[in-house]
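Q: Could you work out the structure for the sequence below:
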Amino acid sequence: MQPTTNKAPGYVALCITSIVWGSTWVVSKIGVAEIPALQMAYIRQFMAGSIFVLFFLLYKKIPLPTTKQFRWLFIMAIIMFTSANGLSTWGIQYIPAGMGSLIGALYPLSVVIFEKMFFKSAPLTPITFAGLFLGIAGIAIVFYENAFHHTGSNYVFGIILSVIAMLSWSLGTIFIARNKVDINPYYGVGWQMLISSVILFVIMETTQKTVAFTAISAKVWWVIAYLVLLGSVMAFIAFIFSMKKLPAAIASLYAYINPFVAMITAYFVLHEKLSIHILWGSIVTIVGVYLVNYSIKRSKKIMVEGEI
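A: Reported below is the predicted structural model:
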């Protein structure tokens, strides 16, 4: 389907996606200051997943997933929501929200590395190598700058959690591309959220001390409401809408905008450090991610043209 000529609604949806998803890092940081991160993650995912699933079951009359679809949904729930979303939420409990969002933006780099290591994808071009170098160098600059203000094992632990979350998102991206299942994307995401919420609930209730629902403050419930209604529902709908209305290259710009929204918002709301070095490191990282994405699309285009 070609993008429609009226692209204004698509750009509005792109702005909503970029601003809301960027701000969720800061909002999550506020929430995990009071309750365990994984507890907040499973509450958020259960509520958001219920909204999607109930809408399609009761209003759209879509049947329950088949056994094949459920197996696929279960795997995706573990990779994308239990691991990627859950661990990234846990990670920002110990690191700046801006740092967490920047690490999350690195996933295209690890997708390229995984594809090359395990699936023998197309040869890496000089542009790809340049992008990989810049992405890693930019993160190193931001990490070095933040290290002076966030010392101790917790900071390192938060970095590790965020990197694992980013790698999980990369694996999920590859899995989706190589194991597609015919299911409505909104409906599928709803089921993934519900499944992951149950998994995270079991993990938390059997391994860690959680906060009783009646003891959760009103502020945290407002945080969860924002994450559910705006972060998980509205922004995701806006993202899918922008993909339909705009060229993929433009609709994907949210990935480059999110980290800056997170860092600027965190600076004003959480008073996180935002030095010139952090800004330059972030810009270098995003340029590296862009070059990697550009090289991938260019290589695929050349391969397609070569087969014609």
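Q: where are the low-confidence patches of this protein?
A: 1-5, 120-123, 146-153, 299-308 (pLDDT under 70).
Q: pull the longest helix from it.
A: Criterion DSSP state H: the longest helix present in the chain is helix 276-307.
Q: Would you confirm that S101 contacts S23?
A: No - counting by CB atoms under 8 Å, S101 does not reach S23; the two are 9.9 Å apart. Every C-beta, even on glycine, is put in place using the N, C-alpha and C of the backbone.
Q: Between the two, point out the one with more neighbours.
A: Remark: of S101 and S23, S101 carries more neighbours, 27 against 24, as counted by other CB atoms under 10 Å.
Q: quick one, phi psi at the spatially closest residue to Q208 that is not a sequence neighbour?
A: Leaving out its chain neighbours, the residue that sits closest to Q208 by CB to CB, 6 or more residues apart in numbering is P36, at 6.0 Å. Backbone torsions of P36, given as degrees, to the nearest 10, read phi -60, psi 140.
Q: I'd guessed L171 sits against F114; true?
A: Yes - the criterion here is CB under 8 Å, and L171 meets it with F114 at 6.8 Å.
Q: would you list every one of the helices in the stretch 51-200 of the chain?
A: 67-76, 86-91, 97-104, 107-119, 126-147, 153-178, 185-207 (DSSP state H, counting those that start in this stretch).
Q: ok, F118 - how many residues close by?
A: 10.
Q: Can you tell me how far it is from V289?
A: For F118, the distance to V289 equals 21 Å [CB to CB, to the nearest Å].
Q: Other residues contacting stretch 124-139?
A: 102-103, 106, 109, 112-113, 116, 281-296, 298-299 (CB atoms under 8 Å, 6 or more residues apart in numbering).
Q: residues contacting the closest residue to W169 other than its chain neighbours?
A: Leaving aside its chain neighbours, W169 sits nearest to A84 (4.2 Å; criterion: CB to CB, 6+ apart). Residues in contact with A84, defined by CB under 8 Å, 6+ apart, are 165-166, 168-169, 172.
Q: out of the residues you listed, which one sits closest to T17?
A: W169 (16.3 Å; CB to CB).
Q: Please report how far the closest one lies from G104.
A: The value you get for W169 to G104, if CB to CB is used, is 7 Å.
Q: Touching both of these two, which residues are there?
A: Shared contacts of W169 and G104 (CB under 8 Å, 6+ apart): none.
Q: related to what we said a few turns ago, between S101 and S23, what contacts are shared?
A: A262.
Q: hmm, back to that, can you select the buried ones among the contacts of A84 for me in PyMOL?
A: Selection of buried members from the contacts of A84 for PyMOL, criterion 16 or more other CB atoms under 10 Å:
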select buried, resi 165+166+168+169+172
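Q: Rebuild the contacts of A84 as a markdown table, extending it with distance to S88.
A: Converted to a markdown table, these look like this (distance: CB to CB, whole Å):
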| residue | distance to S88 |
| --- | --- |
| A165 | 4 |
| M166 | 7 |
| S168 | 9 |
| W169 | 8 |
| G172 | 12 |
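Q: Out of the contacts of A84, which is nearest to N184?
A: Nearest member of the contacts of A84 to N184, counting by CB to CB, is G172, at 18.0 Å.
Q: just checking, that closest one touches F81?
A: No - in this structure G172 lies outside contact range of F81 using CB under 8 Å: 9.0 Å.
Q: Can you list phi and psi of the nearest residue to I159 once chain neighbours are set aside for me?
A: Closest residue in space to I159, ignoring its immediate chain neighbours: I95 at 6.0 Å, by CB to CB, 6+ apart. Main-chain torsions, I95, degrees, to the nearest 10: phi -130, psi 160.
Q: How much space separates I95 from I43?
A: 22 Å.
Q: residues near the residue nearest to I159, how many?
A: 24.
Q: right, and the residue nearest to Q208 touches I216 too?
A: No - if you go by CB under 8 Å, P36 and I216 don't touch, sitting 10.8 Å apart.
Q: sorry, back to before: next, the angle from the longest helix of the chain to helix 97-104.
A: Put simply, helix 276-307 runs at 20 degrees to helix 97-104, going by axes from the mean of the first three to the mean of the last three CA atoms, to 10 degrees.
Q: Helix 126-147 and helix 276-307, what's the angle between them?
A: Using the same axes, to 10 degrees, helix 276-307 lies at 160 degrees relative to helix 126-147.
Q: No more questions from me, cheers.
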